[in-house]
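In: Build me a model:
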Amino acid sequence: MEISISIHNETERGDILTLKEDLRVEWNGRKLTVPAGFQCDGASVPRFLWSSVSPAIDPRTIRAAVVHDYLYRNAPENWTRKDADELFYDFIREDGLSWWASQKAYWGVRMFGAAAWRRNND
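Out: Numbering: from 1, shown residues only. Predicted structure coming up:
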């Protein structure tokens, strides 16, 4: 899936990107639109997983990362943290990340994402 983004502000942890167009996705029969202008930092996985899941912008993780970050920051009605993490896993698999790297990425967000979810949604 081609996503229209602008990449800027390169950092050690990766790049900041801005969506240039709305990103419309469907997952498990649910539709979601991430609006143009939304910014995120790509796949935010713990540093010890960077050898498997790079924080740099990667076509195999970008769709999942954008939608996951949007869900974590906005917690739309009827979306849970677990939904966001499972969507992240499903999208990185669909977009070509290996099973092993996808497992590590999924468990990274499941084990270490709670603080970010709470910070944004309490």
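
In: low-scoring stretches of the chain, by residue?
Out: Residues of the chain meeting the criterion pLDDT under 70: 1-2, 4-14, 44-57, 122.

In: where exactly do the helices run in it?
Out: For the chain, the helices defined by DSSP state H cover 62-74, 81-94, 99-112, 114-121.

In: how about a markdown table for those helices, with mean neighbour count and distance to residue 43 added?
Out: Placement of C-beta: from N, CA and C, glycine included. Below are the helices of the chain laid out as a markdown table (neighbours: other C-beta atoms under 10 Å; distance: least, C-beta to C-beta, whole Å):
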| stretch | mean neighbour count | distance to residue 43 |
| --- | --- | --- |
| helix 62-74 | 22 | 4 |
| helix 81-94 | 19 | 8 |
| helix 99-112 | 17 | 7 |
| helix 114-121 | 12 | 13 |
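
In: Make TSV out of these and add distance to residue 38.
Out: Listed next are those as TSV, based on distance: least, C-beta to C-beta, whole Å:
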stretch	distance to residue 38
helix 62-74	6
helix 81-94	14
helix 99-112	18
helix 114-121	14
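
In: For residue 16, find the nearest of those.
Out: helix 62-74 (10.9 Å; C-beta to C-beta).

In: tally of neighbours for residue 31?
Out: 8 (other C-beta atoms under 10 Å).
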